[in-house]
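**Q** Need a 3D model of the sequence below.
(3 chains)
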Amino acid sequence: MKKQLLSNTKNLILTGVGGQGNVMASRTLAGMLVDAGYIVTIGETFGMSQRGGSVMSHLRISPDSVKSPQIPRGGADVIVALEPLEALRVLTVYGNPQVCVMSNARPVYPIGVITGELSYPSEENIQVAFQRLSKAFWIIDATSAALALGNPVLSNIVMIGALAKTGLLPIDRRMFEKEIKKTLAADKCAVNLKAYDAGGEMIK
Amino acid sequence: MTKLLSPARSKVLFLGNEAIARGALEAGVAVATGYPGTPSSEVIESLAHVASERNLYVEWSVNEKVALEVAAAASFTGLRSMAVMKQNGVNVASDFLLHLTASGTRGGLVLVSCEDPGALSSVNEGESRYFARMLEMPLLEPSDFQEAKDLTKWAFELSEQIGNVVMLRSVTRMSHASGNVICGKLPVKSRKAHFEYDGSVMDSSRGPMISTPVVAKHLLHQQKLKAVEALFEKSPFNRYFGAAKPELLMITSSACFLYAEEAIEMLGLQKRVGILKLGTTWPLPPKLLEKHLRKTKKILIVEEVMPFLEENVKILAAGLANRIAINTFHGKYDETLPSAGELNPDIVAAALCHILKVKRKTLPANYLSDSQKAAALIPAREQTFCAGCPHRASFWNIHNAIALDGRKGFVCGDIGCYSMAALSPATGYHTMPTLHSMGSGTGLASGFAKLAQFGLDQPILTVCGDSTFYHAVIPALINAQHNRADITFIVLDNAGTAMTGFQPHPGLAISAMKEAVPAVDIAAICSAIGAKVALSDPFDLETTRKILTSFLADKGLLKVLILRQACALSPEKKGKKIFDVKVNELLCLGDACGCNRLCTRVFRCPALTWDRTTKKAVVDEVICAGCGVCASICPQKAIVKTEASL
Amino acid sequence: MGISNFGYPMNKKPGSQTKLKKDVLEQSLCTGCGACVGLCPYQVVYHDRTVQLHDCDLTDGKCYAFCPRTPANYGQIRESLFDISDVTPEIGAVKGYYLSRAADPALRAKSQHGGTVTALLGVAMDEGLINSAIVSSRNEELKEEGRLIEEKSQLSDYAKSKFTVSPTVAAFNQLMGDVVRKVGVVATPCQALALAKMKTVRIKDGDKINPLNLVIGLFCGWTLSVESFHRLLQLYQISPAALTGMDIPPGKNILELYTNESVTSVPMAEVDACVRTACRYCIDSTAEFADLSVGAARFGGDCDEMRGWNQIIVRSYRGKQLLELAVAQGALEIREAPASALQDLKNAAAGKKRKALKNIVEKSRSVKNLLYLSGDDPVVKKYLSMEKKKR
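**A** Model prediction:
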């Protein structure tokens, strides 16, 4: 199936916590989109900042030009979050009434919450915030789906599968398969495809 | 086939650092060296991957100074070479660099500095562009990914043209951002190395590589720099975008160019604001600047971090005063832009709004108020040691030993993941109150230890990582031993340069190019110096604590404890648990226990959390790395570890 | 935005640990008894110092409640443990006072003086009065610790005086809530007070079964600071590990240090400099809150005929019962003390009380602030007024 070409730049923010496979997910998505003919710019920070901290990748998908590796405030079109608190954090900075949010359901508690100094917002509060601050949102239990496939880190691929199903980006399974065949060891492709499909199934 | 070796004309998504590596390959680089440091590491890493295929010599050197020396040797024999480092690495290399610019080079030699405005992965945001002016080196700054490749390639040619080092400066948002790059051709022929030294002292291609006669060579070097200026006047890497007579001219370089473009687009100011984007930022091409400074009276200079460009443009403008209009300069000096931290499109847009008195479209008021309400619910996510990190156990031991000793001892910190103990004090159990450059923990400790005669009676400890040990600690350690400094020196040996992605270092029997090399043993070095040396596993809390308390009590000598345990994220450990760790709900007394939540409140492992409904500790199996250390700290023995089944 | 304080302490009502630090540790009042240790992972003993390993913000903590140097109602404790008619101001409750020694000469030879404590513990174990005993011992880092003994035959291995404090009560804390055990503890005066507080002070959630069945108190004039004492040993070139015993022979004003090779005499002035600061503020030299208190016979008085014997004060009903059993079984020999001995003991004990109160007032700089003591307690009141008159 040939996807229609985007006419304007799409801004996607992929967020999560260090160690959740954020960088791999953003590069996979970008690789698929470059192949489809887009000019893609990814801005990300990694290194020391990944150690238990918030991680964010900015993807600018443009039909014609290189963009700033940082999306302006209020400028996200799509937010994909491997962790719900991080979805909320990004949403309150980069959100706007037109933004769509795809968030994993499973929390990773910040140390301040673990020690009892801070509190983690309730599921209900998070949902209410998503509702008020986005045009559409999905909360899926990607981690459980990934655990069922034997490795929690696959939740990033589950999220990509789910994202593809929503039609928010011009991506499909064939593009995904082609991309991972380039970037992953052959024995890992099957389970990643399963994770991608599991994600798609979670979007009705 | 590796992406880095994609055929000519293919369009590839490259990380900025990969684009730099590709540019070097297209220029025919033969030797590439560096010391790992975010955001620079991927340049050398990606070249190391293709080293055998492209017949390169790629080295992770012991530190940046040595890296530059190794690269310079290649240049002296006519090969093209490159040394890559992060901003503060240039400081380390700078002593050699001063002398290198004075002696000159032969084969193209490019010094790549990847800098970190905003200190996203650093403990400083110092920048090295001033070295270009101070040491009279041409400076190039790419502002997108294609340029990162193309400018790197050109840098080698430029270096050969002037017989001196060329510096290429990138920033985190370039090095660690990715974008499309159209590849050029990879050369097929390689050069043969030979060192000529029989020529006269002033013969830069055949004479000895020395800086003397200093004044004569200095003058020659300055003449060559004049020629560079002329080349820069015509460089395609300097471009103007916008109207012929804009109301405001932005002068910018590097990733700031992308922010400037975005800000203009956001505000719809395409007709009012022009951009002069400079790829060659030192020496500045005066004619080009003159041409553009005449366009308007209002100038905004957009750059990170220091006002380097601003100062140099102003100096030029002062010299051109009788030929150009009197300009109003906006930038860091007049505080239109912040003088510290990194920039982004929002900050540049705010500056434009301020100068041109325009307003940016805002989100609906009710959306903003809902957004603020939601933001109030969000707890900060503090950085911490990863689940299974050996440093957590090491600092637990260090803290307990210092507390038991009772003399208010402290740890002089150093650079690595363990810096977190200083950056987020509770993570290091409030033990590490100093943190400076690589190796300076040991130097400081050596100094603190000599203050007993002035009444200092606190025990002095210091830590360093295995890679840091080789980089800059050894001289300080020798200083400590020779001057009888009573220090407990702890090597947090996690078997690799973990923070930057497990690059090998001299302690490992493998090189950057995956060749077998002799490992240099830390314990043997310390013993040879004459220190008292012990080795322990930080996960063995009891043994480690006992060694530490006995070291603190053993006064008057240099003691070395090597705490060896591989990083939880290391390739050999990642995803493999030693133990399955669970909380036995029957044994955990929760809030009723007198422990006051030692495991979650004090120990602070991201995998060990507090279940708000059962009011008991619980292990998050997704995050737990299975190190089992928490089982040793629970007073109820309620945290149970069992050998993990494979 | 929820701002983490990044682990820096927050402004909160001070927990028990903070109060303990402020009121006891920072005042140099800590006796090192171990009462606050072993209850939680935060308080530990290292050498003879109480160390707070990490911050704890709990309030109403046992650490503060059980400490013998936090305020307590001594009147209430005395009432609940003793016949009030037995209580003397100088040396607490006295049901009986004798000279005693173990009947077994071999046991006497292994002991510091008369071997009375070891003999009494043996009988208490035989008779099922207790099934475990806690005595002081040394671990491999040469640090004193409380050792749990479950076999009578091991008792005599721990019969020597150490002159340094051991966190004995910490070992007992480990046994709280144990329903099977019946425990006897050999305790210094501060430890006996801590144990008495554990029995009598009511605190929230502190209602675990207390397995304490017997406290044998030791007379104690002072203890040595381990670190100062080890420095002293170093001066005399004796390794702490080689030390087999020590004693203060009467009349010579020296401390004798025994190793397998030699006997070293140290002038008392040098030893005094090593005395734990906290001992200067202690008003109890006879372990007033024990069931029985035992000391060297010359404690207070000094006559040759008492050498090799202990003085023993019977305080509680249980103490009386045990002494009678021990004599009836022939494990312990007792005899009436010379007429002057009790008075000498009382005088010495009263002297210690006056001295301690003087030191306390000197430290607090006010007779109204007696640190951990209360001016309302009749005993304190009596010696404080005597001290005032003297001045």
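**Q** Could you measure from the closest residue to chain C within chain B over to B:A72?
**A** Using Cβ to the nearest Cβ, the closest approach of chain B to chain C is made by B:A426 at 2.0 Å. Using the backbone N, CA and C atoms, a C-beta is placed for each residue, glycine as well. With distances taken as Cβ to Cβ, to the nearest Å, B:A426 is found 45 Å from B:A72.
**Q** Check A:G112 too.
**A** Counting by Cβ to Cβ, the separation of A:G112 from B:A72 is 48 Å.
**Q** Could you do B:D486 as well?
**A** The spacing between B:D486 and B:A72, counted by Cβ to Cβ, is 40 Å.
**Q** Give me the more crowded residue out of these two.
**A** A direct count of neighbours by other Cβ atoms under 10 Å in any protein chain shown for B:D486 and B:A72 places B:A72 higher, at 25 against 21.
**Q** residues touching that one, list them.
**A** Applying Cβ atoms under 8 Å, 6 or more residues apart in numbering or on different chains to B:A72 gives the contacts B:S81, B:A83, B:F96, B:L100, B:T105, B:L109.
**Q** Was I right to think the fifth one contacts B:F156?
**A** No: the criterion here is Cβ atoms under 8 Å, and B:T105 misses it with B:F156 at 10.8 Å.
**Q** What is the nearest of the contacts of B:A72 to chain A?
**A** B:A83 (19.9 Å).
**Q** and the host helix or strand of the closest one with chain A, contact?
**A** Applying DSSP states H and E as the criterion places B:A83 in strand B:81-86. No: using Cβ under 8 Å from any Cβ of the partner chain, no contact is recorded between strand B:81-86 and chain A, whose separation bottoms out at 9.7 Å.
**Q** Please work out which residues outside the helix or strand following that strand touch it.
**A** Reading on from strand B:81-86 to the C-terminus, the next helix or strand found by DSSP H and E is helix B:87-103. Helix B:87-103 has contacts (Cβ under 8 Å, 6+ apart) with B:34-35, B:37, B:40, B:63-65, B:67-69, B:72, B:83, B:85, B:111, B:113-116, B:122, B:124-128, B:131, B:135-137, B:164-165, B:209-211, B:214, B:217-218, B:221, B:437-438, B:472.
**Q** Next one, pLDDT for residue 173 please.
**A** Defaulting to chain A. If you check A:R173, the pLDDT there is 96.
**Q** wait, chain C
**A** Looking at C:N173, its pLDDT is 87.
**Q** ok, now C:S4?
**A** Among the per-residue scores, C:S4 shows a pLDDT of 43.
**Q** Pick out the residue nearest the middle of chain A.
**A** Centroid-nearest residue in chain A: A:V80, 3.1 Å away (criterion: Cα atoms, centre = their mean).
**Q** What's the separation between that one and chain B?
**A** Distance check for A:V80 against chain B: by Cβ to the nearest Cβ, to the nearest Å, it reads 17 Å.
**Q** For that residue, name its beta-bridge partners.
**A** Residues found in beta-bridge contact with A:V80 (criterion: DSSP bridges) are A:L14, A:M102.
**Q** tell me the secondary structure for C:V215?
**A** For C:V215, the reduced secondary structure class is strand; criterion used: DSSP: H, G, I helix; E, B strand; the rest coil.
**Q** Tell me, how many residues neighbour it?
**A** The criterion is other Cβ under 10 Å. On that basis, C:V215 has 29 neighbouring residues.
**Q** May I have the secondary structure class of the residue lying closest to it once chain neighbours are set aside?
**A** The spatial neighbour of C:V215 that comes closest, neighbours along the chain excluded (Cβ to Cβ, 6 or more residues apart in numbering or on different chains), is C:A290 at 4.4 Å. For C:A290, the secondary-structure state derived from three-state DSSP is coil.
**Q** ok, and the closest non-adjacent residue to B:A351?
**A** Residue nearest to B:A351 in three dimensions, not counting chain neighbours: B:T336, with 4.9 Å by Cβ to Cβ, 6+ apart.
**Q** where does the one you found land on pLDDT?
**A** B:T336 is assigned a pLDDT of 98 by the prediction.
**Q** how far away is it from B:R129?
**A** With Cβ to Cβ as the criterion, B:T336 and B:R129 are 20 Å apart.
**Q** remind me which residues of chain A are low pLDDT?
**A** The model of chain A has pLDDT under 70 over residues A:1-6, A:46-51.
**Q** which stretches of it form helices?
**A** Under the criterion DSSP state H, helices of chain A are mapped to A:22-35, A:84-94, A:111-114, A:123-133, A:142-148, A:155-166, A:173-183, A:186-201.
**Q** Quick one: closest of the ones you listed to chain C.
**A** Shortest distance between chain C and the helices of chain A, using Cβ to the nearest Cβ, is found for helix A:111-114: 3.7 Å.
**Q** Who are the packing partners of that closest one?
**A** Contact analysis of helix A:111-114 by 3 or more Cβ pairs under 8 Å, 6 or more residues apart in numbering or on different chains; DSSP states H and E lists strand B:608-611 as its packing neighbours.
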